[in-house]
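Chemist: Provided below for reference: sequence and predicted model.
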Amino acid sequence: MTFEDFLDMMSVFSDNAPKSVKVEYAFRIYDFDNDDTLSNSDLTEVINRLTGGNDDERLKLPKEDMEMLINNIYQEADLDDDDMLSFAEFEHVISKAPDFVTSFRIRL
């Protein structure tokens with residue numbers, strides 16, 4: 001990663017970055033397998049990282065809870081019922097979260 005790449009990455013977390021740029025960057029962060037969709041494996045990885053499940057098995061959600069959470073995400077966001085989230089579906093869900101722009105930032 002070059003210094004310019006680093007600056008581009010960090011500029012996304014600025015208060016002045018447009019919402020569209022923040023949404024695109026968030027989608028790319030959550031798309032662990034880089035297939036331009038958020039699948040079960042991507043959502044599982046996100047949830048594990050948010051709950052500390054990767055590093056400490058004691059904190060990992062039980063399988064039933066993980067499945068229920070992913071199913072709830074799909075019920076809310078998967079508009080075409082293909083069990084994955086496209087960028088458009090992700091963007092639609094983010095549009096319902098008015099605090100996304102202010103929370104997706106780094107303050108120094």
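Modeler: Alright, I've got the coordinates.
Chemist: need the contact list for Thr102.
Modeler: Asp15 (Cβ atoms under 8 Å, 6 or more residues apart in numbering). Just so you know, the C-beta spots here come from the backbone N, C-alpha and C atoms, and that holds for glycine as well.
Chemist: ok, it to Asp78 distance?
Modeler: As judged by Cβ to Cβ, to the nearest Å, Thr102 and Asp78 stand 26 Å apart.
Chemist: and what of Val12?
Modeler: Taking Cβ to Cβ as the measure, Val12 falls 25 Å from Asp78.
Chemist: again, but for Asn16
Modeler: Using Cβ to Cβ, one gets 32 Å for the distance from Asn16 to Asp78.
Chemist: more neighbours, the two?
Modeler: A direct count of neighbours by other Cβ atoms under 10 Å for Asn16 and Asp78 places Asp78 higher, at 17 against 6.
Chemist: list the contacts of that one.
Modeler: Here Asp78 is in contact with Met84, Leu85, Glu89 (Cβ under 8 Å, 6+ apart).
Chemist: what about it, distance to Glu89?
Modeler: Counting by Cβ to Cβ, the gap from Asp78 to Glu89 is 6 Å.
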